[in-house]
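Asks: next come a sequence and a model predicted from it.
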Amino acid sequence: MTTTPAQLDATKKGERTPEPCIVVIFGASGDLTKRKLLPALYHLDQAGLLPEDFAVVGVARRDLSATFGPDMQDGIMKGGGVDANEAKLKPFLDRVQYFATNFDDDEGFEKLKTYLAGLDEKFKTKGNRLFYLAVAPEFFADIIQRLGKRGMAKPAEGESHWVRVIIEKPFGTDLESARKLNDDVNAVLSEDQIFRIDHYLGKETVQNILVFRFGNGIFEPIWNRNYIDHVEITAAESIGIEGRGPFYEKAGLVRDVLQNHVMEVLSFVAMEPPDSFQANAVRTEKLKVWRSIEGIPVENTVRGQYGPGKVDGQDAIGYRQEERVNPESHTETFGAIKLEIENWRWAGVPFYLRAGKRLGKRVTEVSIVFKQPPTHLFKSNSSDDKIEQNVITMRIQPDEGISLRFGAKVPGPTTNVAQVDMHFSYAEAFGKSSANGYERLLLDAMLGDGTLFAHRDGVEATWALFTPILEAWAKDGNVDFPNYAAGSWGPEASDKLIEADGRSWRKL
Ligand SMILES: NC(=O)C1=CN([C@@H]2O[C@H](COP(=O)(O)OP(=O)(O)OC[C@H]3O[C@@H](n4cnc5c(N)ncnc54)[C@H](OP(=O)(O)O)[C@@H]3O)[C@@H](O)[C@H]2O)C=CC1
Ligand SMILES: O=C1O[C@H](COP(=O)(O)O)[C@@H](O)[C@H](O)[C@H]1O
């Protein structure tokens with residue numbers, strides 16, 4: 001991870017160094033732990049951002065005690081794309097331990113409690129715990145209940161250590177299940193102990209949306225219905241479901257990406273300035289955005305599923321041909337919606353959101369498309385002599401950066417206008433970073449800072465928007481899937497959704 005001078009300064013001053021603690025990862029042998037969590041912890045270690053007194057304990061079902069070290073080395077270096085040699089990894093791996101238990105084994109939890117207490121002695125971790133639930137959602141409530149039952153979820157009277165729990169997504173599958181999960185979790189833990197993770201909030205470029213808007217004086221005055229024609233958010237992936245058939249069959253694109261990642265990004269684009277960058281202030285403003293969306297009519301939604309096609313010049317199979325997927329599956333792998341935020345700033349400005357698997361390329365970006373100038377003074381270089389609109393594009397990934405598209409005079413004896421781009425690139429300005437979003441969020445959770453985590457009300461507010469759509473889709477079995485070819489930009493209906501308003505998706 002490239003560490004910026006500011007980060008290092010903060011670290012030297014001890015401002016961002018957590019207290020001693022043990023990070024306990026449930027689901028230690030899983031895909032997420034190998035590909036994202038251990039690499040992120042290793043990056044933090046290399047950047048000097050972890051406390052000196054620190055340990056990681058992986059918990060899973062299989063007995064991997066003997067092989068966990070080498071397995072993890074392999075996982076970190078290959079799965080996480082970490083560029084490190086054994087000598088650099090060793091001191092980190094010495095602090096990574098493994099504990100085998102079944103999640104439904106009460107006795108296993110009792111033993112885990114004793115084991116962690118032993119590690120406190122060895123690593124001087126003072127009883128502080130960050131539990132990370134990197135497990136299938138059906139285990140979230142169960143594990144928390146067992147922690148509660150064994151006295152592991154809260155410090156006892158007179159004890160001064162802390163206990164925090166990171167919960168992975170998806171947080172519920174609809175409004176009702178999200179409410180139930182919130183109730184179950186809140187029965188054991190107080191809200192300030194709960195860190196509902198959405199790794200998009202850990203991405204530098206997502207956080208930079210707030211810095212761009214509220215850390216500069218020039219953008220906010222035009223960030224409203226008076227100047228903005230519409231907003232587009234695209235989260236396109238070229239990959240398919242990567243062997244996660246059973247998970248994806250139950251989830252689908254809306255539950256996997258739209259309800260969480262895309263709605264989080266939307267809230268940063270649309271929220272009012274919070275009165276501070278503290279968790280409660282930010283959460284309050286995000287919530288107001290979601291609550292100002294007065295429902296999304298099903299006519300303003302499009303669903304799709306990829307069929308066979310070509311991605312990056314290679315043949316790609318269709319979703320229904322993927323392993324462990326129903327050959328007649330109705331699960332959506334693409335979603336597009338149009339919504340409006342009924343508040344003073346945004347009334348009348350449509351937001352078009354789309355996300356999907358196996359699209360033309362991997363790109364996540366937000367485009368703010370401004371209104372046309374009031375008169376047509378110059379000749380445009382475009383074939384239809386159309387007045388182009390200014391666009392601010394915030395590229396979340398890859399090629400992270402921001403660009404402003406505007407008209408410029410084409411050199412020559414006529415006064416023709418062509419569209420040009422002014423571009424800021426993260427990599428050019430700050431160097432390349434391999435951070436995956438989890439570094440920042442793990443660090444924040446160790447520090448007890450919930451600003452970049454989802455809150456109970458927020459999760460329920462976004463589910464309240466998507467549950468009726470999912471229910472309407474489930475009732476209407478009349479789907480014509482597959483309806484887009486792998487490697488394309490989604491179903492035709494997605495283009496029609498925006499074209500019906502005389503607009504079109506930006507070419508990416
Ligand atoms: N993978 C990803 O890219 C992403 C994942 N997530 C979320 O993270 C969570 C984990 O996902 P992922 O890592 O892919 O899942 P995996 O299926 O790869 O891993 C599941 C883990 O849970 C353990 N486990 C399962 N059942 C039990 C049990 N009864 N007792 C003890 N251990 C058990 C497994 O251990 P064992 O090997 O011993 O069976 C394994 O370590 C999910 O909620 C997912 O939605 C979120 C974003 C991205
Ligand atoms: O949570 C998830 O996110 C990934 C996309 O994350 P990114 O950081 O690679 O953009 C998605 O592929 C996966 O299906 C989903 O579960």
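Replies: In hand now; what should we look at? Residues are numbered from 1 along each chain as shown. Ligands and ions are numbered 1, 2, ... in the order given.
Asks: now do the contacts for residue 333.
Replies: By Cβ atoms under 8 Å, 6 or more residues apart in numbering, residue 333 lies in contact with 240-241, 248, 252-253, 304-306, 319, 356-358. In this view, the C-beta of every residue, glycine as well, is placed from N, C-alpha and C.
Asks: among these, name the ones in helices.
Replies: The members of those that map onto helices under DSSP state H are 248, 252-253.
Asks: can you pick the most crowded of those?
Replies: Of all the ones in helices among the contacts of residue 333, the highest neighbour tally under other Cβ atoms under 10 Å goes to residue 253, namely 25 neighbours.
Asks: and the residue of the stretch 401-508 of the chain nearest ligand 2?
Replies: Nearest to ligand 2, among the residues of the stretch 401-508 of the chain, is residue 437, at 6.3 Å (Cβ to the nearest ligand atom).
Asks: apart from its neighbours in sequence, what residue is nearest that residue?
Replies: residue 202 (3.2 Å; Cβ to Cβ, 6 or more residues apart in numbering).
Asks: correct me if wrong: that neighbour contacts residue 453.
Replies: No. With contact defined as Cβ atoms under 8 Å, residue 202 does not count as touching residue 453 (9.6 Å).
Asks: tell me, what's touching the two both at once?
Replies: residue 441.
Asks: just the closest residue of this protein to ligand 1, please.
Replies: residue 30 (2.3 Å).
Asks: now the most centrally placed residue in the chain: closest residue in space, sequence neighbours ignored.
Replies: Nearest residue to the geometric centre of the chain (Cα atoms, centre = their mean): residue 200, 2.4 Å. Nearest residue to residue 200, sequence neighbours excluded (Cβ to Cβ, 6+ apart): residue 261, at 4.2 Å.
Asks: can you pull the contacts of that neighbour?
Replies: Going by Cβ under 8 Å, 6+ apart, residue 261 touches 198-200, 235, 355.
Asks: now it. Its backbone dihedrals?
Replies: phi -60, psi -50 (degrees, to the nearest 10).
Asks: repeat for residue 498
Replies: In terms of degrees, to the nearest 10, the main-chain angles of residue 498 are phi -90, psi -30.
Asks: quick one: mean pLDDT over the helix or strand containing residue 496.
Replies: Using DSSP states H and E, residue 496 sits in helix 492-499. Helix 492-499 carries an average pLDDT of 98.
Asks: and that helix, what does it pack onto?
Replies: Contact here means 3 or more Cβ pairs under 8 Å, 6 or more residues apart in numbering; DSSP states H and E; on that basis helix 492-499 packs against strand 301-304, strand 334-340, strand 350-356.
Asks: need the CA coordinates for it. PDB is fine.
Replies: C-alpha atoms of helix 492-499 as PDB (Å, rounded to 0.1, in the frame of the first residue of the first chain):
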ATOM      1  CA  GLU A 492     -31.800  -3.000 -24.600                       C
ATOM      2  CA  ALA A 493     -34.500  -2.000 -22.000                       C
ATOM      3  CA  SER A 494     -31.700  -0.300 -20.000                       C
ATOM      4  CA  ASP A 495     -31.000   2.100 -22.900                       C
ATOM      5  CA  LYS A 496     -34.700   2.700 -23.400                       C
ATOM      6  CA  LEU A 497     -35.100   3.600 -19.800                       C
ATOM      7  CA  ILE A 498     -32.900   6.600 -20.200                       C
ATOM      8  CA  GLU A 499     -33.600   7.300 -23.800                       C
END
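Asks: mind listing what's buried in it?
Replies: By neighbour count on 16 or more other Cβ atoms under 10 Å, the buried set for helix 492-499 is 493-494, 497-498.
Asks: my guess is residue 88 contacts residue 45, does it?
Replies: No. Judged on Cβ under 8 Å, residue 88 makes no contact with residue 45 at a distance of 9.4 Å.
Asks: these two: who's more crowded?
Replies: Neighbours per residue, other Cβ under 10 Å: of residue 88 and residue 45, the larger number sits with residue 45, 17 against 13.
Asks: isn't the more buried one right up against residue 94?
Replies: No. If you go by Cβ under 8 Å, residue 45 and residue 94 don't touch, sitting 11.0 Å apart.
Asks: a markdown table please, covering the contacts of residue 333 and showing distance to residue 185 and pLDDT.
Replies: Listed next are the contacts of residue 333 as a markdown table, based on distance: Cβ to Cβ, whole Å; pLDDT from 0 to 100:
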| residue | distance to residue 185 | pLDDT |
| --- | --- | --- |
| 240 | 32 | 96 |
| 241 | 28 | 95 |
| 248 | 25 | 95 |
| 252 | 24 | 97 |
| 253 | 26 | 98 |
| 304 | 34 | 98 |
| 305 | 33 | 98 |
| 306 | 35 | 98 |
| 319 | 33 | 98 |
| 356 | 31 | 98 |
| 357 | 30 | 98 |
| 358 | 34 | 98 |
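Asks: check the residues you listed one by one and keep those near ligand 2.
Replies: On the criterion Cβ under 6 Å from any ligand atom, none of the entries of the contacts of residue 333 sits beside ligand 2.
Asks: let me know the secondary structure of residue 178.
Replies: Of the three states, residue 178 takes helix under DSSP: H, G, I helix; E, B strand; the rest coil.
Asks: residues touching it, list them.
Replies: Neighbour list for residue 178: 171-172, 459-460, 463 [criterion: Cβ under 8 Å, 6+ apart].
Asks: distance of it from residue 500?
Replies: Note on residue 178: its distance to residue 500, by Cβ to Cβ, to the nearest Å, is 32 Å.
Asks: residue numbers of the stretch 151-300 of the chain in contact with ligand 2?
Replies: 237, 256-257.
Asks: for ligand 2, what's its nearest residue on the chain.
Replies: Using Cβ to the nearest ligand atom, the single residue of the chain nearest to ligand 2 is residue 256, 4.8 Å away.
Asks: that residue against residue 250, yeah?
Replies: No. Between residue 256 and residue 250 there is no contact under Cβ under 8 Å: 9.8 Å.
Asks: of the two, who's got more company?
Replies: Neighbours per residue, other Cβ under 10 Å: of residue 256 and residue 250, the larger number sits with residue 256, 23 against 13.
Asks: what about that one, distance to residue 44?
Replies: 27 Å.
Asks: then residue 123?
Replies: 16 Å.
Asks: show me the domain layout of this structure.
Replies: 5-168, 204-433+456-500 (the TED database).
Asks: could you tell me the least trusted of these?
Replies: domain 5-168 - the lowest mean pLDDT of the domains of the chain, at a mean of 87.
Asks: got the phi and psi for the nearest residue to residue 506 once chain neighbours are set aside?
Replies: Nearest non-adjacent residue to residue 506, counting by Cβ to Cβ, 6+ apart: residue 367, 5.4 Å away. Phi and psi for residue 367, reported as degrees, to the nearest 10, are phi -120, psi 130.
Asks: list the contacts for residue 367?
Replies: Residues near residue 367 by Cβ under 8 Å, 6+ apart: 231-234, 391-394, 506.
Asks: on the three-state scheme, the residue in the chain sticking out farthest from the centre is what?
Replies: Computed with Cα atoms, centre = their mean, the residue of the chain farthest from its C-alpha average is residue 413, at 49.7 Å. Under the three-state scheme (three-state DSSP), residue 413 adopts coil.
Asks: CA atoms only: put stretch 337-349 into PDB for me.
Replies: Only the C-alpha atoms of stretch 337-349 are listed here, as PDB (Å, rounded to 0.1, in the frame of the first residue of the first chain):
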ATOM      1  CA  ILE A 337     -33.200   2.100 -12.200                       C
ATOM      2  CA  LYS A 338     -34.300   5.700 -12.400                       C
ATOM      3  CA  LEU A 339     -35.100   7.500  -9.200                       C
ATOM      4  CA  GLU A 340     -35.800  11.000  -7.900                       C
ATOM      5  CA  ILE A 341     -34.800  12.600  -4.700                       C
ATOM      6  CA  GLU A 342     -37.700  14.700  -3.600                       C
ATOM      7  CA  ASN A 343     -35.900  17.500  -1.700                       C
ATOM      8  CA  TRP A 344     -35.000  21.100  -2.100                       C
ATOM      9  CA  ARG A 345     -31.700  20.400  -3.800                       C
ATOM     10  CA  TRP A 346     -32.600  17.600  -6.200                       C
ATOM     11  CA  ALA A 347     -36.300  17.900  -7.000                       C
ATOM     12  CA  GLY A 348     -36.700  17.200 -10.800                       C
ATOM     13  CA  VAL A 349     -33.200  15.800 -11.300                       C
END
